[in-house]
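Novice: only geometry, no sequence info:
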């Protein structure tokens, strides 16, 4: 398999973007990424998006975006794995380049969630419609169940969960693309409106519009273009039961463990080698479980690890320097590629006030549903 | 790139399957394909589906199907390109095996269209929501425009269009999986209820439930398993403007031309070398345009070519021996893989009464929207 690098990145502002349609968002991010890569063409494109049919009544957005980007007749396809559609788009684009079939591939993600649709219903279609949604539960409730189980099993406190939001908002305050670029205090998080006990609104990622794109190519092309070589050294993906109730144990996100293990194995490194990570903090408890299941800390210790500052910008393994889904925003299909945008900035050393010193190895973890899908990528600056 | 073969196939009955849910359908087809392949595991899976969110309120069906098939935690991802989601699932699975990342990959397609949803609305989301659907047009109308233009430009007659339906129903009458396995006369087609002038209901593919799956693997694994080697020798995909009105000329399906040309180039063969083809006859006019744009006959001559019997089972290039979308049924996400099922039977020599004598090379053409996406695969029996 040939070596592949990220050669260009671009993203829109994340937020309530009432002036931009789905196609506007994707095209803006794609043009930025192509411009950043400095290439004069792309061979193929992948569009990650969870539910454009439910959000804005538009499926078949692969062809739509190729058309509006002005690149038809190149091949284009949409990839969907709920909220990890973006990460999956990168993985599938990686395979196409790795196979030797194509050289320069655009991988992107987009979601337009603020357009009048019933967002909670649309998101709930990522859970088991027949057994979970039919009975009335939605995602805040599912993650609240995980939170309560984690608190019960490991003694995790609400203050520790809330520390995730405080940290991510502190990081996001430094990110010009963030939907909510402002700090929040522990007290504010704990006393905010409860959405699903114990989770307050400041522990839930927001409803967002946005797009993010990256261009990937073989390393030799990156070198010819004079681009920094941000190599993709690992990809891993995995699945779990779609319904939370079907799992033997709900505080472990098995798909995250498997996807992480596969990516680490391919990269030939371990969690201790990672300098900076973006993980899928759709709810505060998610980040706690993920940093445990990726092996950044022991199982059950994620709360204390966060509270002690180890995942802060200045900590031993900075997590979600972009502000994460919580502060940066979570246009679901775009999130996985927005993680790649942040980590590429970190590995290029161009992350400004969010820069992690001497970052060489970075990890992106993207997740779908209550953890039924997960995809992990590992990047290395050469 | 290594050589890859189809080693297993399976499909459900196509039709109004009120007793089977989306997950039931996919699992039935997947188990048949895995059983047919004779493998004890799969490494990864791709699920093609157009709009399960709109049809049955369920997105994230990749994880759902991996779960219900009992293969989690393997990676699974959904692929969507409107009605060519199935063909795209094969293409992406092909890249994963070609890259060397995985060996045995399940590629499938599924759609559950009969479950109470507004099918015409759901299908229309494959057109341009903002410029076409908003103004009231749906797919029968779009293809009727193409038909009228073809008749005007090339003198194609309604009898020639109707000949597509007559032929495909004749073939489908021999297919035990077909939704409408019975013959229709030219007179019946011409005098049936008009849906969008000139197209009658017997020129429009039906609303169907169903699933189809295939297992692919490197040729050396096929040989070790003692399976017939049905090699995938070409893959091509392309896009066009999503809106019909944006095309310079609407009787040519440019994406079909490009996808076909790419697949032929990769296979190192031309249209004259193909022994049997499955093409996307969502409407009678579609098959006419496609056989022209793939080069089976000259542009503008598709009507006469069909009327003269050249695409019949006994003709020089039998097209849609399965009955095609018209007679076999068109569960949109499943169609592209159902084509692979038929062609594998043909190349194995197990197509029974539908068998094309000495078939060695087969072509599958799958299409999305009014031709904004198309994917073509070429197979060879070794």
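Specialist: Noted; the coordinates are in hand. Not measured: the values here are computed from a predicted model.
Novice: got the buried residues for the helix or strand where residue A:256 lies?
Specialist: Assessed by DSSP states H and E, residue A:256 sits inside helix A:254-267. In terms of neighbour count (16 or more other C-beta atoms under 10 Å in any protein chain shown), helix A:254-267 has its buried residues at A:254-264, A:266-267. Using the backbone N, CA and C atoms, a C-beta is placed for each residue, glycine as well.
Novice: check contacts around residue A:270.
Specialist: Residues in contact with residue A:270, defined by C-beta atoms under 8 Å, 6 or more residues apart in numbering or on different chains, are A:264, A:295.
Novice: Could you list the domains of chain A?
Specialist: Following automatic domain parsing, one finds the domains of chain A at A:4-117+A:208-224, A:120-204+A:233-381.
Novice: So which residues of the stretch 201-350 of chain A form helices?
Specialist: For the stretch 201-350 of chain A, applying DSSP state H, counting those that start in this stretch gives helices covering A:219-224, A:254-267, A:284-293, A:302-307, A:324-328, A:332-348.
Novice: wait, which of the ones you listed is closest to residue B:233?
Specialist: Nearest to residue B:233 among the helices of the stretch 201-350 of chain A is helix A:219-224; the distance by C-beta to C-beta comes to 27.1 Å.
Novice: Run through the stretch 51-200 of chain A and note the low-pLDDT ranges.
Specialist: Regions of the stretch 51-200 of chain A meeting the criterion pLDDT under 70 are absent.
Novice: With residue B:313 as the reference, measure out to the residue of the stretch 251-382 of chain A found nearest chain B.
Specialist: Closest to chain B within the stretch 251-382 of chain A is residue A:372: 3.7 Å, counting by C-beta to the nearest C-beta. Residue A:372 sits at a distance of 45 Å from residue B:313 (criterion: C-beta to C-beta, to the nearest Å).
Novice: more neighbours, the two?
Specialist: Each of residue A:372 and residue B:313 has its neighbours counted (other C-beta atoms under 10 Å in any protein chain shown); residue A:372 has more, 34 against 20.
Novice: The residue in the stretch 201-350 of chain A positioned nearest to chain B: what's it in contact with?
Specialist: Going by C-beta to the nearest C-beta, chain B is nearest to residue A:237 of the stretch 201-350 of chain A, at 3.7 Å. Taking C-beta under 8 Å, 6+ apart, we find residue A:237 in contact with A:87, A:88, A:91, A:259, A:262, A:373, A:374, A:375, A:376, B:44, B:75, B:77.
Novice: In a markdown table: those residues, plus distance to residue A:302 and secondary structure.
Specialist: Formatted as a markdown table, the contacts of residue A:237 follow (distance: C-beta to C-beta, whole Å; DSSP: H, G, I helix; E, B strand; the rest coil):
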| residue | distance to residue A:302 | secondary structure |
| --- | --- | --- |
| A:87 | 21 | helix |
| A:88 | 25 | helix |
| A:91 | 25 | helix |
| A:259 | 17 | helix |
| A:262 | 21 | helix |
| A:373 | 21 | strand |
| A:374 | 16 | strand |
| A:375 | 20 | strand |
| A:376 | 17 | strand |
| B:44 | 29 | strand |
| B:75 | 25 | coil |
| B:77 | 28 | strand |
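Novice: which one of those is nearest residue A:70?
Specialist: Among the contacts of residue A:237, residue A:88 lies closest to residue A:70 (C-beta to C-beta), at 25.1 Å.
Novice: mind listing the strands for the stretch 101-250 of chain A?
Specialist: With DSSP state E, counting those that start in this stretch applied, the stretch 101-250 of chain A shows strands at A:105-112, A:194-196, A:199-200, A:209-218, A:230-239, listed in chain order.
Novice: Can you tell me which helices and strands the fourth one packs against?
Specialist: Secondary-structure packing of strand A:209-218 (3 or more C-beta pairs under 8 Å, 6 or more residues apart in numbering or on different chains; DSSP states H and E): strand A:4-11, helix A:22-37, helix A:85-98, strand A:105-112, helix A:332-348.
Novice: Comparing those, which stretch has the densest surroundings?
Specialist: Ranked by mean neighbour count under mean count of other C-beta atoms under 10 Å in any protein chain shown, these are led by strand A:105-112, which reaches a mean of 31.
Novice: tell me the angle it makes with strand A:4-11.
Specialist: Interaxial angle, strand A:105-112 versus strand A:4-11 (axes from the mean of the first three to the mean of the last three C-alpha atoms, to 10 degrees): 30 degrees.
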